[in-house]
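**Q** turn this into a model:
(chains A and B)
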Amino acid sequence: MDRRYARSWVAIVLFLVAFLIFSALRRCESSRYQYDEGVIFGTFYHITYRSPESLAEEIKQQLLRFDASLSPFNDTSLISRVNRNEPVETDRWFRHVFMAAQQIYARTGGAFDPTVSPLVNAWGFGFKEGAFPDSTQVDSLLSHVGMDKLSLDGKKVLKSDTAVTLNFSAIAKGYACDVIGQMLSDRGVDDFMVEIGGEVVVRGRNPEGKAWRVGVNRPTIADGEAGTIEEILQLTGGGLATSGNYRNYRVVDGKRIAHTIDPATGYPVQHSLLSATVLAPDCMTADAYATAFMVMGLERSRALVDSLPGIEALFLYQNPVDTARIDYWVTPGMQALILGN
Amino acid sequence: MKRFWREMPALLFLLATFGIALWVLTDDRDAIPLHFNIRGEVDSWGEAWSVVWLPLIALALYGLLTLLQHRPQWCNYPGKLIDKERAYRQMSHIVCRIKTLVMCLMLYITLCVAQVVDSNIFVVLAIVAAIIFVTITGWSRIDTEP
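**A** Residues are numbered from 1 along each chain as shown, chains lettered A, B, ... in the order given. Below is the predicted model of the structure:
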């Protein structure tokens, strides 16, 4: 009996050792990083993830489904059909983004408004380029802007003004990153970075076993000035989005017209804030607030970000005295993530 | 010789824990996992030097359990012992086995923190269940007065 007992004990110890070796070998096998890239929503995506096999096809299919729901570049997408006032039932992605947009619209006092695209187009920053609108045109278009003119009734979008159109470009790329990130998590991937059009979701570690590193561009003030990296952030989780006025602008009479249109006035914003980088638990939220902050300007954004739990921000702005100088304001949480701190 | 083989696994697990921790410290890592959630995902990271706590805790546990192994009379027993010598010898074996399993658990945690193996709550539960099993089966073999 004692010998049998001793033998079973040896078997347990051997099993434990074998299990540890097997686990380590399995981990080695799954330590390979995959890299996928492509085009979606008229922009590029780059995805790096630790997985023994490529999930490129699944990722692509998921992005195409997402495109069919929320892409304004796709004429047959749900959002395009909603904009044409067709009687369509929305899907869960659409409703999730719609409700988040409504929430952030309210929280930012209307600074984040996905119905502002007719004005963006009129100023020549959207799908259609043209001459700048006069004040009559701006007022006319402004009367058809406002997230409060839309609501959800079950799966249907109700409009109090049928001329109101939706464009989730300032939130959907971030949400697409979240969707792909969730898909990877569901497949058991613990380490990944999903980047779509500059919006980023990260989790875990990079192939070097370190935190993922994401560069924040230095805004260009003078024309032709090359964009360089201003700060490098080290991230192990969350969504990061940057919105800026330094890339997409038009010059009229030597004056820069920013592509960010204030939904309250209908005119391009005029303030010192050059770029807003936001870190949030999810990329959808980061994306929306980054856009909202670019509308609100430095002072209002600083006041708001302090009242938002879980949101960190880095604002790069033009020095009011020396306009060639770029200063920055950063929340303590974001400061801790800057490489070198 | 029998005693040597009985002691060897725990000692090897302890040395491996030290070895892994030393490797992590010299691996130029900027952070290590500090906490895993129920799904085995890392939900907290800390500085790489924190890994030294694991072999130190393992060493402390090894020392305490070795002491208990040599002082079996300090342990609790299910009743009044009939043959004290035999019961103490039996208890010493139980503690030795518990020590081996605890050292294995510490090695597993260190391997998870070093990201050599994936963290899995079921492995931890299995080792804890093995400790309970060893204790109960060992106790049941100690002869006590009814």
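**Q** so where's the stretch 51-200 of chain A uncertain?
**A** A:126-131 (pLDDT under 70).
**Q** which one of the residues in it is closest to chain B?
**A** Proximity of the stretch 51-200 of chain A to chain B (CB to the nearest CB) peaks at A:D190, 6.0 Å away. From N, CA and C alone the C-beta is placed, and that goes for glycine too.
**Q** ok, and the closest non-adjacent residue to that residue?
**A** A:G204 (4.8 Å; CB to CB, 6 or more residues apart in numbering or on different chains).
**Q** residue of chain B closest to chain A, please.
**A** B:V117 (3.8 Å).
**Q** do you know the pLDDT at that residue?
**A** For B:V117, the model assigns a pLDDT of 87.
**Q** likewise for A:P268?
**A** Looking at A:P268, its pLDDT is 86.
**Q** count the residues that sit near it.
**A** 20 (other CB atoms under 10 Å in any protein chain shown).
**Q** tell me how far it lies from A:L274.
**A** The gap separating A:P268 from A:L274 is 14 Å, by CB to CB, to the nearest Å.
**Q** could you do A:S243 as well?
**A** 10 Å.
**Q** ok, for A:S54, nearest residue in space, not its chain neighbours?
**A** In space, and not counting its chain neighbours, A:S54 is closest to A:Q34: 5.0 Å by CB to CB, 6+ apart.
**Q** in chain B, which ranges drop under the pLDDT threshold?
**A** The model of chain B has pLDDT under 70 over residues B:1-2, B:146.
**Q** which positions in chain B make contact with chain A?
**A** Neighbours of chain A within chain B, by CB under 8 Å from any CB of the partner chain: B:9, B:27, B:29-31, B:41-42, B:45, B:97, B:100-101, B:104, B:107-108, B:111, B:115-118, B:123, B:127, B:130.
**Q** please narrow the residues you listed to those residing in strands.
**A** If you go by DSSP state E, these have B:V42, B:W45 in strands.
**Q** just the buried ones from the residues of chain B next to chain A?
**A** Buried members of the residues of chain B next to chain A, scored by 16 or more other CB atoms under 10 Å in any protein chain shown, are B:9, B:29, B:31, B:41-42, B:45, B:97, B:100-101, B:104, B:107-108, B:111, B:115-118, B:123, B:127, B:130.
**Q** could you report the neighbour count for A:M183?
**A** Neighbours of A:M183 (other CB under 10 Å): 18.
**Q** please report how far it lies from A:T285.
**A** As defined by CB to CB, A:M183 lies at a distance of 19 Å from A:T285.
**Q** for A:V201, same thing?
**A** For A:V201, the distance to A:T285 (CB to CB) stands at 11 Å.
**Q** overlap in contacts of those two?
**A** Common neighbours of A:V201 and A:T285, counting by CB atoms under 8 Å, 6 or more residues apart in numbering or on different chains, are A:G239.
**Q** for those two, indicate the residue with more neighbours.
**A** More crowded of A:V201 and A:T285, by other CB under 10 Å: A:V201, with 31 against 25.
**Q** how about the nearest residue to the residue most central in space within chain B, chain neighbours excluded?
**A** Central residue of chain B (CA atoms, centre = their mean): B:V102, 1.0 Å from the mean position. Distances taken as CB to CB, 6+ apart place B:L61 nearest to B:V102, at 5.5 Å, with adjacent residues excluded.
**Q** do I have it right that the one you found meets B:M106?
**A** Yes: B:L61 is within contact range of B:M106, at 7.0 Å (criterion: CB atoms under 8 Å).
**Q** and these two? Which one has more around it.
**A** Legend: neighbour count by other CB under 10 Å for B:L61 and B:M106, higher for B:M106 (22 against 18).
**Q** for the longest helix seen in chain B, the distance to its chain's centre please.
**A** Assignment by DSSP state H gives helix B:84-113 as the longest helix of chain B. Mean C-alpha position of helix B:84-113 versus that of the full chain (CA atoms, centre = their mean, to the nearest Å) differs by 6 Å.
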